[in-house]
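> Below is the structure, and that's it, no one-letter string:
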């Protein structure tokens, strides 16, 4: 798997290009941190990422267009010293 042990942040992951990217990256072994303004479609994407059997996902973050709501995820990255390898805004 080409993306094993890599972290990808994908905004707009609740559908369309964002969902497609999340699923493709997960199939290649990436850990997905996804956000979408629509919590229901975001949860659907998270279930699909988990269901593909190769990827891992963190709970869906709120839309990153409001930093106050995205702040806990930003702090998690800083504290865990995880290297973000990919960021996709869709």
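That came through, no problem. Predicted model only: the values in this text are computed from it and were never measured.

> what sits against residue 24?
By C-beta atoms under 8 Å, 6 or more residues apart in numbering, the contact set of residue 24 is empty. Placement of C-beta: from N, CA and C, glycine included.

> Now name the helix or strand holding it.
In this assignment (DSSP states H and E), residue 24 forms part of helix 16-27.

> State the mean pLDDT of that helix.
Per-region confidence: helix 16-27 scores 92 on mean pLDDT.

> repeat for stretch 51-68
Computed over stretch 51-68, the mean pLDDT rounds to 60.

> Kindly report the same for stretch 38-47.
The average pLDDT within stretch 38-47 is 84.

> quick revisit: got the buried residues for the helix holding residue 24?
Residues of helix 16-27 classed as buried: 18, 19, 21, 22, 23, 25, 26, 27 (neighbour count, 16 or more other C-beta atoms under 10 Å).

> Surely residue 3 forms part of a helix?
No: counting by DSSP: H, G, I helix; E, B strand; the rest coil, residue 3 is not part of a helix but coil.
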